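Q: quick one, structure for this:
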Amino acid sequence: MSRLAQLSTLVLVLSAAGCATDPGAGSARQHLPVATNPNFTLYVSNQSFDREVVDINVQIDGQLAVTGDFDVEGQHSWHEFKFELAPGDHVLTATTDDVPGVTLELPFNLATPKYAVTNFWYAADPAADQPAQLDGFITSEPPTFQ
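A: Residues are numbered from 1 along each chain as shown. Here you go, the predicted structure:
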């Protein structure tokens, strides 16, 4: 096999592996450096079948951290992003350009590793009484998802 063919095969295998194993794959993009030893892990999900794709932007302390169009997929899918933040007080802010005015703000103190979950929710059915919203939480324990 030629060197070019070997490199092409390697790129193909690595690309396929990245798509299969990278929870942040697709249009979601981490803007702050990806940490090899993270002390802050963020999970982002679109939980709305009535808005199958939603643009979500996340800032940490006013710095753009994550952007992307999040597909509802099977609804129970979270994209993982890993950061290394300085100890102390921080603020996570999530917004969506698709639904102006929908904002989530989560202040937290980082003395030990933390995990954050941010979800977009919306139901078009007025009877569901589910206006578009972002919700989330910060925890010291890795979250479990169903």
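Q: list the strands paired with the helix or strand residue 115 falls within, with their directions.
A: Secondary structure assigned from DSSP states H and E places residue 115 in strand 114-121. On the basis of DSSP bridges, the sheet neighbours of strand 114-121 come out as strand 40-46 (parallel), strand 133-139 (antiparallel).
Q: how far does the last one sit from the chain's center?
A: Offset of strand 133-139 from its chain centre (C-alpha atoms, centre = their mean, to the nearest Å): 12 Å.
Q: ok, stretch 82-100 next?
A: 10 Å.
Q: measure that stretch end to end?
A: End-to-end span of stretch 82-100 (C-alpha to C-alpha, to the nearest Å): 27 Å.
Q: that older thread, of all the strands paired with strand 114-121, which lies closest to residue 82?
A: Each of the strands paired with strand 114-121 has some distance to residue 82 by C-beta to C-beta; the shortest is strand 40-46, at 5.3 Å. (C-beta placed from N, C-alpha, C; glycine too.)
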